[in-house]
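Asks: just to be clear, the model below is a prediction. Sequence and coordinates:
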Amino acid sequence: MASSSLCHRYFNKITVTPFFNTKKLHHYSPRRISLRVNRRSFSISATMSSSTKKVLIPVAHGTEPFEAVVMIDVLRRGGADVTVASVENQVGVDACHGIKMVADTLLSDITDSVFDLIMLPGGLPGGETLKNCKPLEKMVKKQDTDGRLNAAICCAPALAFGTWGLLEGKKATCYPVFMEKLAACATAVESRVEIDGKIVTSRGPGTTMEFSVTLVEQLLGKEKAVEVSGPLVMRPNPGDEYTITELNQVSWSFEGTPQILVPIADGSEEMEAVAIIDVLKRAKANVVVAALGNSLEVVASRKVKLVADVLLDEAEKNSYDLIVLPGGLGGAEAFASSEKLVNMLKKQAESNKPYGAICASPALVFEPHGLLKGKKATAFPAMCSKLTDQSHIEHRVLVDGNLITSRGPGTSLEFALAIVEKFYGREKGLQLSKATLV
């Protein structure tokens with residue numbers, strides 16, 4: 001069974017009977033439940049614990065960060081208890097494109113644990129490291145033998161699952177350049193997401209959100225998948241050429257290499273932050289990730305731990321061709337409260353230099369500080385009522401002169417590609433769109 005998108009039609013195509021009713025339980029996880037010393041409270045806690053679906057996402061140096069972060073974020077939105085485990089000898093992982101993540105634990109510490117789903121991100125050399133990790137191979141094979149879900153994306157279906165013999169006689173998909181290798185060990189198909197029994201595979205960064213919501217459905221049922229997909233603002237036509245709406249067109253200039261500042265804070269939306277950083281670094285822009293506060297490590301909205309390059313205090317000393325904010329309610333509120341960041345944004349706008357934001361940030365940061373005056377903008381649907389001018393809110397990516405805004409996690413790759421297009425031209429944007437399978 002396969003799916004080409006996770007738009008409304010997708011949910012009509014795939015029917016999965018949920019194993020249990022999670023409607024009342026998905027807001028809870030065992031870690032958030034206090035255990036009281038009495039029989040009744042223990043019984044309730046134990047019931048919730050056994051009902052929570054457990055997911056393992058292994059990561060390594062060279063893992064594709066957007067794939068990993070989307071998988072973590074979306075499954076946690078669904079109420080799954082997601083464990084991010086480093087297969088390295090440290091929890092800190094240097095993912096692709098210089099993005100740094102911190103895992104929850106080491107894989108070596110949880111090899112005896114049982115999971116309802118193990119899902120592997122791609123990326124190189126991360127995919128090779130996962131393939132060569134014997135404890136992970138043993139866990140995945142036992143998962144398969146026991147009839148539990150395994151999933152992989154990008155290079156991982158061919159490199160890991162194929163090498164381990166899990167795909168014999170099965171249909172599977174992967175990143176295009178690995179299709180020949182996949183064909184040697186499976187029936188290779190070009191679906192964006194492919195389900196064959198208890199194995200789910202997908203193609204790359206641009207298909208990760210569809211892949212992840214598919215797995216929410218497999219674990220928690222169709223109703224939960226629809227509930228999770230709505231706030232993501234997913235693409236209605238994945239795979240089609242991305243589009244942007246532009247008003248008052250001006251050129252975005254730079255000397256040498258675009259210098260781009262991406263602030264992050266506790267509560268920032270990790271999918272949006274990583275999409276922006278990932279795509280712009282693929283374009284060879286110089287991206288500086290700056291943390292608000294006193295620590296380089298930031299705990300994002302779905303508890304993904306990201307590590308910035310510098311603190312905002314240091315980043316403030318330099319000038320930038322673009323300052324662009326991810327969303328996330330907590331992160332946007334932190335941005336709006338930062339006098340230093342707001343002053344940087346105001347100077348950027350006064351100098352007619354590009355600035356942008358996605359999701360909650362246009363409404364919570366730009367609007368109250370006068371940064372949308374005379375401009376058309378969009379934002380996360382639930383936040384658009386806070387915009388003074390709501391005439392163009394329906395656009396997924398909107399450029400008005402030196403301002404660029406967008407709607408949410410599901411528009412973040414398009415948003416990043418639009419920034420690439422403004423600096424490098426449409427051809428470069430389309431080239432990266434093809435490479436990331438947007």
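Replies: Perfect, thanks for sending it. Residues are numbered from 1 along each chain as shown.
Asks: give the contact list for the closest residue to residue 270 other than its chain neighbours.
Replies: Here the nearest residue to residue 270 in space, its sequence neighbours aside, is residue 300; by Cβ to Cβ, 6 or more residues apart in numbering that works out to 3.7 Å. Placement of C-beta: from N, CA and C, glycine included. By Cβ atoms under 8 Å, 6 or more residues apart in numbering, the residues touching residue 300 are 264, 266-270, 273, 306, 328, 331.
Asks: ok, residue 300 to residue 344 distance?
Replies: Shown here: residue 300 relative to residue 344, a distance of 21 Å by Cβ to Cβ, to the nearest Å.
Asks: tell me the span between the first and last residue of stretch 348-356.
Replies: The straight-line separation of the ends of stretch 348-356 (Cα to Cα, to the nearest Å) is 10 Å.
Asks: show me the contact partners of that stretch.
Replies: Applying Cβ under 8 Å, 6+ apart, the contact partners of stretch 348-356 are 250, 252, 320-325, 345, 371, 402-406, 415, 419, 422.
Asks: ok, now stretch 90-101?
Replies: Applying Cβ under 8 Å, 6+ apart, the contact partners of stretch 90-101 are 59-65, 68-69, 84, 86, 102-106, 123-124, 126, 274, 277-278, 281-282, 304-307.
Asks: now, which of those residues lie within strands?
Replies: When DSSP state E defines the strands, the subset of the contacts of stretch 90-101 inside them is 59, 84, 86, 102, 105-106, 305-307.
Asks: thinking again about what came up before, nearest to residue 233, of the contacts of residue 300?
Replies: When the contacts of residue 300 are compared for distance to residue 233 (Cβ to Cβ), residue 269 wins out at 11.5 Å.
Asks: for the residue nearest to the closest one when sequence neighbours are not counted, what are its contacts?
Replies: Of all residues beyond its chain neighbours, the one nearest residue 269 is residue 328 (3.4 Å), with distances taken as Cβ to Cβ, 6+ apart. If a contact means Cβ under 8 Å, 6+ apart, then residue 328 has 267-270, 272-273, 300-301, 359-360 as its contacts.
Asks: follow-up on the earlier one: what's the ChimeraX line that selects buried ones from the contacts of residue 300?
Replies: The following ChimeraX command selects only the buried members of these, with burial defined by 16 or more other Cβ atoms under 10 Å:
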select :264,266,267,268,269,270,273,306,328,331
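Asks: out of the contacts of residue 300, name the ones that lie in helices.
Replies: 270, 273, 331 (DSSP state H).
Asks: save those as a markdown table, and put in distance to residue 168 and pLDDT too.
Replies: As requested, these are arranged in a markdown table below (distance: Cβ to Cβ, whole Å; pLDDT from 0 to 100):
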| residue | distance to residue 168 | pLDDT |
| --- | --- | --- |
| 270 | 36 | 98 |
| 273 | 39 | 98 |
| 331 | 45 | 98 |
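Asks: least trustworthy helix or strand in the protein by mean pLDDT?
Replies: None of the helices or strands of the chain scores lower by mean pLDDT, DSSP states H and E than helix 8-13, at a mean of 34.
Asks: low pLDDT regions in the protein?
Replies: 1-50 (pLDDT under 70).
Asks: return the set of buried residues in stretch 257-267.
Replies: In stretch 257-267, counting by 16+ other Cβ under 10 Å, buried: 258-267.
Asks: do stretch 163-176 as well
Replies: For stretch 163-176, the buried set under the neighbour-count rule, 16+ other Cβ under 10 Å, comprises 164, 166-167, 170-175.
Asks: contacts for it?
Replies: Counting by Cβ under 8 Å, 6+ apart, 2, 122, 131, 137, 140-141, 144, 150, 152-158, 161-162, 182, 185-194, 196-197, 199, 201-204, 437 sit against stretch 163-176.
Asks: show me those that map onto strands.
Replies: When DSSP E defines the strands, the subset of the contacts of stretch 163-176 inside them is 2, 150, 152-153, 187-188, 193-194, 196, 199, 201-202.
Asks: name the element the closest residue to residue 369 other than its chain neighbours belongs to?
Replies: Counting by Cβ to Cβ, 6+ apart, residue 342 is the residue found nearest to residue 369 once chain neighbours are left out, at 5.3 Å. Remark: residue 342 resides in helix 339-350, with elements defined by DSSP states H and E.
Asks: quick one: buried residues of the following helix or strand past that helix?
Replies: In the C-terminal direction, the helix or strand that comes right after helix 339-350 (DSSP H and E) is strand 355-358. Using 16+ other Cβ under 10 Å as the burial criterion, the residues of strand 355-358 that qualify are 355-358.
Asks: just to revisit the earlier point, closest to residue 236 out of the buried residues of stretch 257-267?
Replies: residue 262 (27.2 Å).
Asks: from the contact counts, what lies against the one helix or strand the closest one maps to?
Replies: Using DSSP H and E, residue 262 sits in strand 259-264. Packing contacts for strand 259-264, counted by 3 or more Cβ pairs under 8 Å, 6 or more residues apart in numbering; DSSP states H and E, involve helix 270-282, strand 286-291, helix 312-315, strand 322-325.
Asks: what's in contact with the last one?
Replies: In this case it means strand 322-325. Outside strand 322-325, the residues within contact range by Cβ under 8 Å, 6+ apart are 252, 258-263, 276, 331-332, 335, 344-345, 348, 353-358, 361, 365, 404, 419, 423.
Asks: just checking: what are the partner strands of that strand?
Replies: For strand 322-325, sheet partners with direction are given as strand 259-264 (parallel), strand 355-358 (parallel), following DSSP bridges.
Asks: show me the contact partners of the helix or strand that the last one is followed by.
Replies: Spelled out, it's strand 355-358. Secondary structure here is assigned by DSSP H and E; on that basis, the next helix or strand after strand 355-358 toward the C-terminus is helix 361. Surrounding helix 361, the residues in contact under the criterion Cβ under 8 Å, 6+ apart are 325-327, 331-332, 335, 379.
Asks: show me what counts as buried in stretch 126-143.
Replies: Applying 16+ other Cβ under 10 Å to stretch 126-143 flags 126-131, 133, 136-137, 139-140, 143 as buried.
Asks: now do the same end-to-end measure for stretch 219-236.
Replies: Using Cα to Cα, the two ends of stretch 219-236 sit 23 Å apart.
Asks: Serialize the strands paired with strand 322-325 to CSV and add fields for distance to residue 232.
Replies: Converted to CSV, those look like this (distance: least, Cβ to Cβ, whole Å):
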stretch, distance to residue 232
strand 259-264, 20
strand 355-358, 13
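Asks: and of these, who's closest to residue 113?
Replies: strand 259-264 (30.4 Å).
Asks: which residues does the closest one contact?
Replies: When contacts are taken as Cβ under 8 Å, 6+ apart, the neighbours of strand 259-264 outside the stretch itself are 273, 276-277, 280, 285-292, 298, 300, 306, 308, 312, 315, 318-326, 331, 335, 338, 341, 344, 419.
Asks: mind checking which of the residues you listed are buried?
Replies: Those of the contacts of strand 259-264 that meet the buried threshold are 273, 276-277, 280, 285, 287-292, 298, 300, 306, 308, 312, 315, 320-326, 331, 335, 338, 341, 344, 419, by 16+ other Cβ under 10 Å.
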